[in-house]
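*Asks:* Okay, structure incoming, though there's no sequence with it:
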């Protein structure tokens, strides 16, 4: 929570940014968007991750020593506050907000600007964690040069966030054994009715200098599958509302085939939660077995032709496992709702 | 067969080309190729189709009257004679070789040029059939302006090819009901072991002015799936050797989700045949059901690190249906082999 | 000036082209264009450069000896004579018009064809200079095989152009120290109000066989930034009208992060001049400092909804430096205007 408030303050009051500020920009093209003209959440996640990778790679190479590339380890929960449209300019700004011995926390903010009217809207705040891997030996994690903090509190808050995410990463590692089974002749609005999967052969442009898939490329594909699941379920124009924290437990290498599968886990009145798994199949020149590389929850909303959120068909539950996942999803939904209500109160009251 | 010999003659003897020649070129990039540096067959098919679409759209609009876009109806069997590599320049030349009342036959040839050594190799001859659809009403097929033939025989041969393909299109339309079922815990080298599917949300740049998917985009995705099936089966560097005739029975509209599925049907000593299906799901704004849009057979070979074809693991057959499909594949394989031996004889002996 | 007249003559009088003609073609897609459907100037510059790179690399390797890749050294001032639209086919033709000991001059022409109506328009004439770099040692410039000239005058004119551009290249090398500083709360129509920057991580498909960024990729990004500056200033549909000569002083390597920054320097009644800088940051694997790789001036016009040029808001000047740059821009504007008036006179009078 804190990093969000901080950023809002720095932005609002024009307080000097701490470190390594960088501001990429890009104009949104037709291929970045769905047929209603809304830019895919996955496209935005990919831009966010690219900005994070650049700033943290630059920071980790700022002291003399072994060269490295910063690899994405985790993205904190990210909300899509406002849709972005074709023709708008996306402004992505990144800064390093905390460094531990072996990891870097990057805060990335996205604004969309309508260059014709001059109107700007904040569309995302995101927090990402990177780890510097040696260019000579990708299994070796290097040390991160420490940053200077303007106030002591900033360092303390950063440390708290660092400990929290470390704990959560351990927990999600357990969950990863689950598999999505195909269903024959599914009934409408059941889990099997909308579940989808996609395979992708990793190409050179998907990869870092190391030959590992960029985290942003993976997230874009995950959003693509989640969006297809959501659209199959409600058959309307859908947009990404949020992505739960994503942990990147295992690197994916160039030449792999990756399978991205998604299934609906929960529906509220106006939102759908979709669980997405990424499995990597290092089938060429590798003795390694297929493994689960990433998993995450995406939340989508359904929009009317006028762009207003509309009710979604309720998910039809058929098995005990589906029921359990639905309840878990409901828990996440209610927790987020509660957090959001706190957040919406004026800053002075906190 | 006939059209290939014709082209070889025109090429070898420098006979004047007939009509509307056009020659697009493009340098091959890392994203066009697999990790061994071989350009994907699908990339080449996409270039071929783009050249065909341009020349036939131009021809069909060459007389005053209703404007139209030429839509791909069929691609004849296409061989990949020689692999193309990153950094080479692809030369694509297209000419119209026959016109019926409502369709255009286009012959497209591809040469790859190594601009460092100057070496050129023919990589493909392809024959495509296009149908002009009115821009005002996409369900209306317009009339094609007739071309002039240098010799009467050219027109007669063209008519024969036209009748043959018309018949074949009817036959394949029957086959289209088949579905690929998922398999749990498949044994190595069975059909279920390598079968794969991919979903793709059709975007604006995939489409013609009509808002229909370019045939070349569909073929590229089909080759991608077939390639993954082949690689999963033999776990080596694989390349497209040929594509059987492909019929485009149904148009695919912008905003559809398409599912491309592939399964292995036959293995010879050094080749694999993969059947690929394309299903379209017009799930937004459409009352229409999911439908089979295209199906085709791709043949792949496995290459050693030195680029030589190597033996492939034999397909393990488990069911009666698989056995039937294997025998059908064997039939196609033997027929092609026989045809090729005829083709290799000096032209003067025919 | 001269090369333009020459080309116009060869085209108009149907005089046989000299050497090494090549004609790539491509259909324009939604992603190539702005929301009004006009193809980005940067997309056209990228196609021009690809054609130039192919023809000059082929020529420089046409004699036995060390293999090389032709690297873009300079693009002469290029006008966009007529806008190109989505769905049109771009015809790009290139020929070598002069060779010095170590450089190649390529003339590239672009026509746009509406394949529905058959209408063709010339959209660009461009002149590019390439230098052959050894594949074994990129710092070694190889010798260029001489071309044959149809008339002696052609060689003499070429030599004059060669000397002129050589001199100009030296001059621009001085200018490159300038930096664009951010401005807080800028007033409308000031320089700070519209200035913009973009960062891009160089990927494999951006690069030549050497691992250096294609000149065309750089120019496309420069046009993207210049377009955002222009649109922010006048908030209408804008199109590239011309690009001043661009010199590529320093190569940019794979893995670099490049920052492209643009600021408005001059406005006439109906045009805007934008200065664009490209800085490369070889932040991984390299001890090298950030350096200025390219700089250039782009001119944009603002179009009404009917596609007619409309007046642009005048640039508000605030500092001495801005004033100096405005006067310099005015000088370039008047010089171009004067040249164009000479050019527009019938050829017979010259």
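*Replies:* Cool, got the structure. In this text the structure is predicted, and so the values were computed from the model without any measurement.
*Asks:* tell me which parts of chain A are close to chain C?
*Replies:* Contact residues (C-beta under 8 Å from any C-beta of the partner chain) of chain A with chain C: A:14, A:22-27, A:29-31, A:50-51, A:53-54, A:57-58, A:61, A:67-69, A:86-87, A:89, A:115-118, A:135, A:204-205, A:209. Glycine gets a C-beta too; all of them are placed from N, C-alpha and C.
*Asks:* give me the subset of the residues you listed touching chain B.
*Replies:* Contacts with chain B are made by A:30-31, A:204-205 out of the residues of chain A next to chain C, judged by C-beta under 8 Å from any C-beta.
*Asks:* Which of those residues fall within strands?
*Replies:* Within those, no residue falls in strands by DSSP state E.
*Asks:* Return the two entries of the residues you listed that lie farthest from one another.
*Replies:* A:30 and A:204 (24.4 Å; C-beta to C-beta).
*Asks:* buried subset of the residues of chain A next to chain C?
*Replies:* Those of the residues of chain A next to chain C that meet the buried threshold are A:22-27, A:29-30, A:50-51, A:53-54, A:57-58, A:61, A:67-69, A:86-87, A:89, A:115, A:135, A:204, A:209, by 16 or more other C-beta atoms under 10 Å in any protein chain shown.
*Asks:* Just the ones in helices from those residues, please.
*Replies:* Judged by DSSP state H, those include A:50-51, A:53-54, A:57-58 as members of helices.
*Asks:* Out of those residues, which comes closest to residue B:289?
*Replies:* Within these, the smallest distance to residue B:289 is 39.8 Å, found for residue A:50 (C-beta to C-beta).
*Asks:* Residue A:231 contacts residue B:256, correct?
*Replies:* No: using C-beta atoms under 8 Å, residue A:231 is not in contact with residue B:256, being 10.6 Å away.
*Asks:* Okay, helices next: where are they in chain A?
*Replies:* Using DSSP H, helices in chain A cover A:2-13, A:41-60, A:152-175, A:191-194, A:215-234, A:320-344.
*Asks:* Just put these in JSON lines and tack on distance to residue C:303 and mean pLDDT.
*Replies:* Listed next are those as JSON lines, based on distance: least, C-beta to C-beta, whole Å; pLDDT from 0 to 100:
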{"stretch": "helix A:2-13", "distance to residue C:303": "34", "mean pLDDT": "33"}
{"stretch": "helix A:41-60", "distance to residue C:303": "28", "mean pLDDT": "91"}
{"stretch": "helix A:152-175", "distance to residue C:303": "48", "mean pLDDT": "87"}
{"stretch": "helix A:191-194", "distance to residue C:303": "44", "mean pLDDT": "92"}
{"stretch": "helix A:215-234", "distance to residue C:303": "33", "mean pLDDT": "92"}
{"stretch": "helix A:320-344", "distance to residue C:303": "43", "mean pLDDT": "89"}
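*Asks:* Which among those helices is found nearest to residue B:245?
*Replies:* Nearest to residue B:245, of those and by C-beta to C-beta, is helix A:215-234 at 30.3 Å.
*Asks:* Is chain B within reach of that closest one?
*Replies:* Yes: judged by C-beta under 8 Å from any C-beta, helix A:215-234 and chain B are in contact via A:224-225, A:227-228, A:231-232.
*Asks:* For the stretch 1-150 of chain A, give me the ranges with low pLDDT.
*Replies:* Across the stretch 1-150 of chain A, the ranges flagged by pLDDT under 70 are A:1-24.
*Asks:* could you redo the last one with a cut-off of 80?
*Replies:* For the stretch 1-150 of chain A, applying pLDDT under 80 flags the ranges A:1-27, A:29-31, A:34-37, A:64, A:115-116, A:118.
*Asks:* Up against chain B, what does it have?
*Replies:* Near chain B, when you scan the stretch 1-150 of chain A using C-beta under 8 Å from any C-beta, you find A:30-31, A:34-35.
*Asks:* of those, closest to residue B:241?
*Replies:* Here the nearest of the residues of the stretch 1-150 of chain A next to chain B to residue B:241, counting by C-beta to C-beta, is residue A:31; it sits at 31.5 Å.
*Asks:* Now for the ones in helices among the buried ones among the residues of chain A next to chain C: which two are most distant?
*Replies:* Longest span within these, C-beta to C-beta: A:50 and A:58, 12.6 Å.
*Asks:* so where do the strands sit in the stretch 1-150 of chain A?
*Replies:* A:25-27, A:68-75, A:78-79, A:89-99, A:104-113, A:120-134 (DSSP state E, counting those that start in this stretch).
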